[in-house]
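Student: all I have is the shape, not the residue letters:
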Ligand SMILES: CCCCCCCCCC(=O)SCCNC(=O)CCNC(=O)[C@H](O)C(C)(C)COP(=O)(O)OP(=O)(O)OC[C@H]1O[C@@H](n2cnc3c(N)ncnc32)[C@H](O)[C@@H]1OP(=O)(O)O
């Protein structure tokens, strides 16, 4: 696995030193994992979709449970501390290679904003074919973290995230989410973002990201 430091020099000229010393955050570095990581993550996503959508006979469920337990036993010896797994740090993969994140890919990343595109899958189902309402704040919150980082602001945490649900968010349909910094006031970064299907607004979001003080978790 090769590692490279993320470029954390932003529009206000803040460099790695500033980045590393704000808050109690570990430094995350982008990685390019081995060739099977992408296949592993996509396979796990398929399993997540299946785990929430099958109604299989007991003997089939028993077989699946046996195999899942074997797989967990294979992986357990390799658990590492936060920030050391490729999950969440593999920029080129959907959801940065993290199962927590919807499998969306970054299309634009810079001080003028971040845009990401993808689909919600069966795993994200809420009811009646629509994405679960809780998946949208997850998508927006992760986007806010990327926006504040791409803008060159120091490590910040979400103080509030206000989501307006404007229309049903469908599954298995190409969507985009995009946002940018509106204004900065001291420690506060105000950001707005929109989730769209084509030109149709599905949801919009306003967030306050607060720069962490030294030592804040
Ligand atoms: C590559 C790696 C990139 C990593 C990016 C990470 C992104 C992570 C995004 C997240 O999801 S973080 C997880 C969700 N957020 C949290 O768990 C945060 C929990 N809350 C806290 O830790 C503290 O409340 C927080 C650090 C956000 C603020 O605590 P402080 O004690 O430093 O702030 P304080 O209460 O003194 O408020 C500072 C200012 O912000 C204002 N403020 C704080 N919370 C507010 C709020 N909720 N609404 C409006 N204003 C708020 C507050 O009024 C005040 O305004 P003024 O300076 O004008 O007086």
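Tutor: The structure has been received and is ready for your questions. All figures in this text were calculated on a predicted structure; none of them were measured in a lab. Numbers count the residues shown, from 1 in each chain.
Student: centre of the chain to stretch 118-131, how far?
Tutor: Put simply, stretch 118-131 sits 16 Å off its chain's centre (C-alpha atoms, centre = their mean, to the nearest Å).
Student: mind listing what's buried in it?
Tutor: 118-121, 123-126, 130-131 (16 or more other C-beta atoms under 10 Å). Quick note: C-beta positions are derived from backbone N, CA and C, even for glycine.
Student: next: stretch 168-185.
Tutor: When burial is assessed from 16+ other C-beta under 10 Å, stretch 168-185 yields the following buried residues: 169, 171, 175-181, 184.
Student: now swap in stretch 91-106 and tell me
Tutor: Going by neighbour count (16+ other C-beta under 10 Å), the buried part of stretch 91-106 is 93-98, 101-104, 106.
Student: so who does residue 82 touch?
Tutor: Applying C-beta atoms under 8 Å, 6 or more residues apart in numbering, we find residue 82 in contact with residue 26.
Student: how about it, secondary structure?
Tutor: With DSSP: H, G, I helix; E, B strand; the rest coil as the basis, residue 82 sits in coil.
Student: any figure for the gap between it and the ligand?
Tutor: 11 Å (C-beta to the nearest ligand atom, to the nearest Å).
Student: so who does the nearest residue to residue 194 once chain neighbours are set aside touch?
Tutor: Excluding its sequence neighbours, the residue lying closest to residue 194 (C-beta to C-beta, 6 or more residues apart in numbering) is residue 204, at 4.8 Å. The neighbours of residue 204, taking C-beta under 8 Å, 6+ apart as the test, are 163-164, 166, 192-195.
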